[in-house]
Structure formats: structure tokens, C-alpha cells
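1. Test case, fold it:
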Amino acid sequence: MITGKFPNLRLRRSRKNDWSRRLIEENSLSASDFILPIFIIEGKNKKQEVNSMPGVYRYTLDKINFVVDRAIKNGIPMIALFPYTNKKKKNKFGTEALNEDNLVCKALQSIKRKYKNEIGIMCDVALDPYTSHGHDGLFTNNYVLNDETVNILVKQSLLQAQMGCDVLAPSDMMDGRIGKIRKYLDKNGYKMTQILSYAVKYASSFYGPFRDAVGSKGFLKGDKKNYQMDFRNSNEALREVALDIKEGADMVMVKPGLPYLDIISSVKENFKIPVMAYQVSGEYSLLTNGVNKNLIDQNVILESLIAFKRAGANAIVSYYADRLDKILK
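-> Numbers count the residues shown, from 1 in each chain. The predicted structure is shown next:
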């Protein structure tokens, strides 16, 4: 309801000075609103820039402490690990996902050994970094099998929890996987390991640079439209979230971010559950290249991040999270 009438009411009065604008601002950002994704790679003493994501790097495990140290210093509450898997270790079953010596497991052990609980660690639960066909599960006759894939994801989840993962993040979009993962974790003594479900993950064209970053670019056979959500749908997103909450999800993710602010808002309004937004690789690269080429002002980065908070996101997975001291100034 609008009350008051011009000229007695002049909304510009409160916008005139910086102190006044800060006094009445409705949304703000701090380091606590961010999750920092980190790409990890095999080898030693490597810091590799991702070609399609300017300013984003892959790190070997001996280089990762520098990134984690900076994240802790800046007050970021959680990092997310994503492995670049050597193509020799990929196969149609994604068996590397269950290897206790894979990159993610070694990174978990290393980080937990050094930092204990100074910072949370989130891990992706899905097979796409490990499959030779690039899909999130077992792929037969151009279709990803649901139940058979879930049986593998359950084992992957327990392995990551055993290695020290704090927040498991199933991003595969298989039906029923949250409930089975929750029961299996509880049965094996990991009742306090959290689940952040990618409950609303759209079959989007914004993921391209990420696939480059994790080494799955060029491997994908077909597309993921038969298991990830149709970008034309919104009510379906609410059904997905409702199911995952009933199955035991502690938090939910909406992915991608900016094109789906309406979904973030709707999920928050309907369920009052912690909602995370993923500012995905395509969003990052579009913004960064626009700024680097002087097509847009660098303040668009802050503007885009505030949009997530305005929509109702509790936190944002963003590749800008390691530059917050400059962005939030």
C-alpha cells in the first residue's frame, strides 16, 4: 500500500546523501553470504587458468592451502570442491567417483587435517566429472537410468562423508536420491552430515564454461533435458523442492541464478527453507568479459549479487567470492 502524496512526500529526500541511502538500504552483502567454488587438478605446483573463465583457476592439492587461507581470512563460511578428472580415469560407469584415492577424497583429507572445522566443505554428488559420456548417471540407450544411478550416488555420498565432507550436494537431479542418501548416512553414523540438494537444476545453456573447468567439455553425448528441469517451468520447481524437503534435505539450491530469480523468490516464499543460489559459470564469464572489454561497468558484479539477496537467497555460490574485499567495498 502506498501512503502519502507528492509534494509532502518526496522519496528522493532519503536518496540524496550516501549516509541516508545506507541507513535505509533493504539488502546488503557480507562474506557470510558466499560459498567459494574451487577447481582441483592432479599434479604438483600447478595453478591453471580456466580459458573460458578469466580469473578462475584450477589448483593442485599442494596449492590449495593458499586459497583456503584466503577464504578463511575473508570470512567465507564454506568452500565447494570440483575435480578436473583426467580422461584416462573416466569410463561409462564413473567408477572413479567411488575411488577413495580420487582427487576430492584426497582434498577433503588434506583440508580437514589442516583446518579442522575452521571452514565448511561442500562436495558435488554426481557422476558427470567421472563419466566418459558426460552425464550425471549411468547412460543407456540415450537415457540416464534413475534407480541404478541413485545406488551409486548413495555410495559416493557415504565415501565423501567418511573423508570429511560437511555438506553433500547432490546435483544429479535423479528422483528419490535425497531420501536414500539420508537414510544411508544415518545408518552409517553420519546423522550430522548436511545435505544441500540441487532440487531445482535447470537444463541450461549457462553451464558451458564449467564443463571446460572440470574437463567434461566435449564428452557430453546428447543433452540433459530428460532429467534436469525444463527452463519453461516454475511450478515444477516447487514440486521438486517439496519432495526433497520431505526426503531430508537441509538446504536447497536453485541453479542457474540470475535467469531464475523468480524461482528463488518463489521457493523461499513457499517453504522458508535455506535457499542457495548458484551464479553459474556462464553468468560469471558473461559479466567478467563484459567488464574486461569495458562494455559494462564493474559495479554490475555487485548489482548482480545483490539481486540474489533481494530475491531471497540465503547464500550464493559465486566465482567472485575470492574477490569480495574489492567487490563489497
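2. helices and strands of this protein: which one has the lowest mean pLDDT?
-> helix 208-213 (a mean of 82; mean pLDDT, DSSP states H and E).
3. which residues of this protein fall in helices?
-> Under the criterion DSSP state H, the chain contains helices at 18-24, 64-73, 103-115, 146-163, 177-187, 208-213, 235-247, 261-271, 281-292, 299-311, 324-327.
4. which one of those lies closest to F82?
-> helix 208-213 (7.1 Å; C-beta to C-beta). Where you see a C-beta, it was placed from the backbone N, CA and C, and this is true even at glycine.
5. In this structure, where is pLDDT below threshold?
-> 216-217 (pLDDT under 70).
6. returning to what we had before: for the helices of the chain, which one sits closest to N226?
-> Here helix 146-163 is closest among the helices of the chain (C-beta to C-beta), at 10.2 Å.
7. packing partners for the closest one?
-> With contacts taken as 3 or more C-beta pairs under 8 Å, 6 or more residues apart in numbering; DSSP states H and E, helix 146-163 sits against helix 103-115, strand 120-125, strand 167-170, helix 177-187.
8. Of the ones you listed, which is nearest D212?
-> Closest among the helices and strands packed on helix 146-163, using C-beta to C-beta: strand 120-125, at 16.0 Å.
9. Tell me which strands the closest one pairs with, and in which orientation.
-> In the sheet, strand 120-125 lines up against strand 78-83 (parallel), strand 167-170 (parallel) (DSSP bridges).
10. Report the buried residues of that strand.
-> Residues I121, M122, C123, D124, V125 are the ones in strand 120-125 that count as buried (16 or more other C-beta atoms under 10 Å).
11. From the rest of the structure, what touches stretch 258-272?
-> Applying C-beta atoms under 8 Å, 6 or more residues apart in numbering, the contact partners of stretch 258-272 are 199-200, 202, 204, 206, 231, 234, 237-238, 241-242, 245, 252, 254, 257, 273, 275, 277, 279, 283, 304, 307-308, 310-313.
12. Equivalent analysis for stretch 52-61, please.
-> By C-beta under 8 Å, 6+ apart, stretch 52-61 touches 38-50, 66-67, 84, 103, 106-107, 110, 208-209, 212-213, 281, 284-285, 288-289, 292, 319, 323.
13. what's the answer for stretch 110-121, then?
-> 61, 64-65, 68, 71-72, 76-81, 108, 163-167.
14. Please check those and keep the buried ones.
-> 61, 64, 68, 71, 76-81, 108, 163-167.
15. thinking again about what came up before, quick check: which helices or strands does the least confident helix or strand of the chain pack against?
-> Other elements packing on helix 208-213 under the criterion 3+ C-beta pairs under 8 Å, 6+ apart are helix 281-292.
16. Which of the helices and strands packed on helix 146-163 sits closest to N151?
-> Using C-beta to C-beta, the helices and strands packed on helix 146-163 put helix 177-187 closest to N151, at 8.1 Å.
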